[in-house]
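Student: Starting from these lines, generate the structure:
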Amino acid sequence: MEPFLLSKPLENKITADLTKEPRFLWSFDAPGEAAGGPVVFGEVVAMPTKNRSVWFLDKQSGKKLGVYDISGVPAGVIFDGRENLIVAEKSGNGQVFSYSLVDGAVNWRFDLNEGGEALTFKRRGDDQAGTVLASDLRGWVYALRADDGKQLWRLGLAPFSCPPVWTDSILWLADFEGDLNAVSDGKVVKTFKLAQTALTFESVGEALVIGGGDSSVTVISTLDGKTKWKIAADGKVRSLGVYDSVVYYASAIGTVGACRLESGQKLWERKLDVLVNQPLIANSLVVIVGSADGRLFALSTDKGEILWERKLAGALVGKPVLAGNTLYLATAGGRIFAFRY
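Tutor: Predicted structure coming up:
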């Protein structure tokens, strides 16, 4: 793959009216079920599939650029910001490896010895190469250098209940026992006991917003773990997002709502007659959610009104990506779509 395809920064500026339904741009059918949502970088869209492959597409046209076959089903795919894709496998030894998108070489491999889960990536001022956070199904978490795969530290905890959140200095890990652990340089520096299992959470300043298995949204202080506020939600909250001091959340049974970050005051709540099965996207104008029966909804951020709805070829897989004025998403059956606003 040519280096210029990888180096273009991801578009963050949105100039289109997101309240209008986007037009179809392209779709691509890959063999096998999608194993996660699309990963967008430079001029490329990467899509992992359950037939042990990662497909690479031109993000403007949907044209196939290449495919890379691996030994296991991919659990997570991340771009290191340079020219490498880092992949974790669910099966076998749960290998994590770095694959060069320029020459196709494998730079390094690391065995988790148990199926891996989704990866996270962090680059800080003193960490130019970046750090990859990998975890296995037993609850072990590993920090690896992104350039050579060298293990920086590892830590054994209970299995995680949701993906971790990495702030500037602290890694937050929630487990099925209700513990929320703050980790720094491979050591647990504080532990908060939650009243519920965290199914999803986000970091905002000195607070954590938590979607709970007890059908709640809670905000706690990262300083002492005390609850700032807690509201009841209609169903287990598996998806949430924070934008402009407003918390947007979606429950598994299809309730989408909004409340103020500071107080928890509910602004609106909308019941959709669907099951919501994937992460939402929230910005200044719309909240976008996908349903288990393959529908995509856009709701207004001010009142929760349904602005548009689109029937897809299958249920969403992973989180959609909004890059500039283009929305990329994957559906069951191995299809990836691009819609242009």
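Student: Number of residues surrounding E2?
Tutor: Close neighbours of E2, defined as other C-beta atoms under 10 Å, add up to 11. Glycine gets a C-beta too; all of them are placed from N, C-alpha and C.
Student: And it, what's its pLDDT?
Tutor: If you check E2, the pLDDT there is 81.
Student: Setting aside sequence neighbours, what's the nearest residue to it?
Tutor: If the residues on either side of it in the chain are set aside, E2 comes closest to V102, at 7.8 Å by C-beta to C-beta, 6 or more residues apart in numbering.
Student: Buried ones in the helix or strand harbouring S239, by neighbour count?
Tutor: Element membership of S239, judged by DSSP states H and E, is strand 237-243. Judged by neighbour count (16 or more other C-beta atoms under 10 Å), strand 237-243 contains these buried residues: V237, R238, S239, L240, G241, V242, Y243.
Student: Those: which two are farthest apart?
Tutor: Spatial extent of the buried residues of strand 237-243 (C-beta to C-beta) is set by the pair R238 and Y243 at 18.1 Å.
Student: what pLDDT, on average, does stretch 28-47 get?
Tutor: Rounded mean pLDDT across stretch 28-47 is 92.
Student: Actually, stretch 250-260.
Tutor: The predicted model assigns stretch 250-260 a mean pLDDT of 94.
Student: Might you calculate how far it sits from the centre of the chain?
Tutor: The chain centre lies 18 Å from the centre of stretch 250-260; the measure is C-alpha atoms, centre = their mean, to the nearest Å.
Student: So which bits of it are buried?
Tutor: Buried residues in stretch 250-260, counted by 16+ other C-beta under 10 Å: A250, S251, A252, I253, G254, T255, V256, G257, A258, C259.
Student: For these, give me JSON lines that also has secondary structure.
Tutor: Below are the buried residues of stretch 250-260 laid out as JSON lines (DSSP: H, G, I helix; E, B strand; the rest coil):
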{"residue": "A250", "secondary structure": "strand"}
{"residue": "S251", "secondary structure": "strand"}
{"residue": "A252", "secondary structure": "coil"}
{"residue": "I253", "secondary structure": "coil"}
{"residue": "G254", "secondary structure": "coil"}
{"residue": "T255", "secondary structure": "strand"}
{"residue": "V256", "secondary structure": "strand"}
{"residue": "G257", "secondary structure": "strand"}
{"residue": "A258", "secondary structure": "strand"}
{"residue": "C259", "secondary structure": "strand"}
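Student: quick check, nearest of those to V141?
Tutor: Among these, and counting by C-beta to C-beta, the member closest to V141 is A252, at 26.1 Å.
Student: pretty sure that closest one contacts A233?
Tutor: No - A252 lies out of contact with A233 (C-beta atoms under 8 Å); the separation is 10.1 Å.
Student: picking up where we left off before, if I pick the residue nearest to E2, what's in contact with it?
Tutor: Applying C-beta atoms under 8 Å, 6 or more residues apart in numbering to V102 gives the contacts M1, E2, P3, L6, E83.
Student: if we can go back for a sec, format the buried residues of strand 237-243 as JSON lines; extra columns: distance to D127 and pLDDT.
Tutor: Formatted as JSON lines, the buried residues of strand 237-243 follow (distance: C-beta to C-beta, whole Å; pLDDT from 0 to 100):
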{"residue": "V237", "distance to D127": "33", "pLDDT": "95"}
{"residue": "R238", "distance to D127": "31", "pLDDT": "91"}
{"residue": "S239", "distance to D127": "30", "pLDDT": "93"}
{"residue": "L240", "distance to D127": "28", "pLDDT": "93"}
{"residue": "G241", "distance to D127": "26", "pLDDT": "93"}
{"residue": "V242", "distance to D127": "25", "pLDDT": "95"}
{"residue": "Y243", "distance to D127": "28", "pLDDT": "93"}
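Student: can you pull out the helices in the protein?
Tutor: In the chain, the segments counted as helices under DSSP state H are 4-7.
Student: show me where pLDDT drops low in it?
Tutor: 92-93, 125 (pLDDT under 70).
Student: mind redoing it with 80?
Tutor: Across the chain, the ranges flagged by pLDDT under 80 are 3-4, 7-16, 91-93, 113-118, 124-128, 137, 168, 277-278.
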